[in-house]
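J.: quick one, fold the following:
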Amino acid sequence: MKRAFGCFGLVVSFCLMVGLSACVADLDEELPYACVEHESCPSGRLCVNGRCEAPSACPDACGSEGERLCTEDGRYRLCAHLDNGCLSWGEALPCESGSTCSDGACVACNNACQSAGLRQCHGRSFQVCVADGKGCLQWSELESCGDNMQCIAAGVCSLACPDPCAVVDERECIDAKNYRVCTYHGGGDCLTWSAVEPCHNNEYCVAGSCEPCPEGFAFIPAGTFTMGSPEHEPGRGEDETPHQVTLSHDFCMAETEFTQEQYRVMVERSGGSVPVTCSDCPAWGFDWHMAAYWLNFLSGWANLPTCYRCTVDAHGPSCTPTTNSPYDCFGYRLPTEAEWEYAARALTNTAYYSGDMYEGTCDVLDPSLSPIAWYCANANNALQPVKGKNPNGWGLYDMLGNVAEWVHDSPRDYDSAAVVDPHGGFTNDAMHRGGSIQDTPSGCRTASRAGRSERGSAPEWVGFRPVLLLP
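T.: Numbering: from 1, shown residues only. Reported below is the predicted structural model:
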């Protein structure tokens, strides 16, 4: 303090000699004050190392305590008083993870990602997770995989989609028992068909879905019905005694009679050829053995057991059942007479599945029969394309009229006793049911048994309709 006073005394003496105003100006510009705090310094000065100094004397000076300054690499510096009394920028500090410094504040990174080098797909392009030099991990700009390339799982580019498809989760049948699904290849953006998958043992692939029955077949549930006709039904025969029948198996029946186009395809697959006059009309002119023979082909193509044992000579095939009971064979076969009538009725008990019979001649249309059948009153003695009339309740077309249909078994005698899974065995004769384009309304009744022929004969306007018993 004495030294400070000594200096001050000399200064005062000097000021008295040169003038007070000049001395004060010189003090402000040249001579520092001793200080302890900033407040003890003149206005505009800071206490630096015990002396009042101009702010420019502080290294890396800043203006306001607590202010932040962003660095180029995304960190920040804080304005604070140093131990020497300077208000200066501190060392660069990092923002929290996932954020960067912008305009003096730590803010969340834009387009952030989690791990450097990570890749992701966008259509046929990809992005990479990279450091942006400002403390952030961000997705890069999109980069194309290039021509004939695709982006798959983990953002990797590979050759374009193998076996491409169009709609995710679309399903496609490969054959009667197998299907595949349209899916994203390897989890990427490439839509491609999956590996082939099988339906369950008792299902068939129809329009990409596994269903109880093959495509073009209707599902017929097991059940009980009254077979035959009541005594008051017009046109009934004496062999139509009504009785209760139970069928213990579900089965599938073709929605239509076997068509000429289906016959052509079958013959060509067997190495032959056949003329077709009406593709969608029923095929006809078969004897029973020929129908059984072609049904064996259907079973073979579907990898199902065959229901007939056939030999072929110059006169054509000759077939017998492979099982004593037709209900023990789970390949394609002709329906039993009971199965045929049960399917035709579709839970109805009237003369036709559309109602009662009103007109018994070929001269006047029967209002119940005409909407569902081609017969003598409306067919003009010509076969008609299938599905031209209304189906029954189970989706079966032309069960009555157009062509009559061979059944599997021989005629059996009806009585009033209830039976389960009946069949007439195997003799030389077989039934054909449903009537044809030449039959009267009476002959097209659901219960009519007027059609009966030797198995080796080929009656006019007789075709067939396959069934498939379900386990």
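
J.: now residue 80: how far from residue 322?
T.: Remark: distance between residue 80 and residue 322 (CB to CB, to the nearest Å) = 100 Å. Yep, even glycine has a C-beta here, placed from its N, CA and C like the rest.

J.: next: residue 98.
T.: Counting by CB to CB, the separation of residue 98 from residue 322 is 74 Å.

J.: more neighbours, the two?
T.: residue 322 (17 against 14; other CB atoms under 10 Å).

J.: show the model's pLDDT score for the more buried one.
T.: Note on residue 322: pLDDT of 97.

J.: and for residue 105?
T.: Note for residue 105: predicted pLDDT of 86.

J.: what's the answer for residue 297, then?
T.: For residue 297, pLDDT reads 94.

J.: what's the answer for the one 4 residues further on, then?
T.: Per-residue confidence for residue 301 comes out at a pLDDT of 90.

J.: tally of neighbours for it?
T.: By other CB under 10 Å, neighbour count at residue 301 equals 13.

J.: contacts only, for it.
T.: Residues near residue 301 by CB atoms under 8 Å, 6 or more residues apart in numbering: residue 269.

J.: for it, phi and psi?
T.: When read as degrees, to the nearest 10, the backbone of residue 301 gives phi -70, psi -30.

J.: if I look at it, how far off is residue 204?
T.: Noted for residue 301: a distance of 13 Å to residue 204, by CB to CB.

J.: same check, this time on residue 392
T.: Distance from residue 392 to residue 204, by CB to CB: 22 Å.

J.: check residue 185 too.
T.: Between residue 185 and residue 204 the distance is 28 Å, computed by CB to CB.

J.: one more: residue 227?
T.: 28 Å.

J.: what sits against the closest residue to residue 216 other than its chain neighbours?
T.: Leaving aside its chain neighbours, residue 216 sits nearest to residue 255 (5.6 Å; criterion: CB to CB, 6 or more residues apart in numbering). When contacts are counted by CB under 8 Å, 6+ apart, residue 255 is found next to 216-218, 387, 391, 395-397.

J.: what do you get if the cut-off is 6 Å, keeping everything else the same?
T.: 216, 218, 395-397 (CB atoms under 6 Å, 6 or more residues apart in numbering).

J.: give me the buried subset of these.
T.: 218, 396-397 (16 or more other CB atoms under 10 Å).

J.: ok, those residues vs residue 177, which is closest?
T.: Distance to residue 177 across the buried ones among the contacts of residue 255 (CB to CB) is lowest for residue 218, with 18.7 Å.

J.: does that closest one sit in a helix, a strand or a coil?
T.: The local conformation at residue 218, judged by DSSP: H, G, I helix; E, B strand; the rest coil, is strand.

J.: is it in a bridge, and if so with what?
T.: Applying DSSP bridges to residue 218 yields these beta-bridge partners: residue 253.

J.: okay but it is in contact with residue 391, surely?
T.: No. Residue 218 lies out of contact with residue 391 (CB atoms under 6 Å); the separation is 8.5 Å.

J.: if I've got this straight, residue 340 is in a helix?
T.: Yes. Under three-state DSSP, residue 340 falls within a helix.

J.: which ones are touching it?
T.: By CB under 6 Å, 6+ apart, residue 340 lies in contact with 407, 433.

J.: gap between the closest residue to residue 433 other than its chain neighbours and residue 328?
T.: Nearest residue to residue 433 in three dimensions, chain neighbours excluded: residue 340, at 5.1 Å (CB to CB, 6+ apart). Distance, residue 340 to residue 328, using CB to CB: 18 Å.

J.: what of residue 73?
T.: Applying CB to CB to residue 73 and residue 328 gives a distance of 84 Å.

J.: and for residue 461?
T.: Applying CB to CB to residue 461 and residue 328 gives a distance of 31 Å.

J.: between those two, who's got more neighbours?
T.: Shown here are residue 461 and residue 328; by other CB under 10 Å, residue 461 has more neighbours (21 against 13).

J.: once you drop chain neighbours, what's closest to the more buried one?
T.: residue 436 (3.8 Å).

J.: ok, the one you found touching residue 398?
T.: No. With contact defined as CB under 6 Å, residue 436 does not reach residue 398; the gap is 10.1 Å.

J.: so where do the helices sit in the chain?
T.: 2-18, 20-30, 260-269, 288-301, 337-345 (DSSP state H).

J.: and the fourth one, what's buried?
T.: To tie it back to what came earlier, the one meant is helix 288-301. Buried-residue list, helix 288-301, by 16+ other CB under 10 Å: 288-299.

J.: using TSV, lay out the residues you listed together with distance to residue 195.
T.: Below are the buried residues of helix 288-301 laid out as TSV (distance: CB to CB, whole Å):
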residue	distance to residue 195
288	43
289	42
290	40
291	38
292	37
293	36
294	33
295	32
296	32
297	29
298	27
299	27
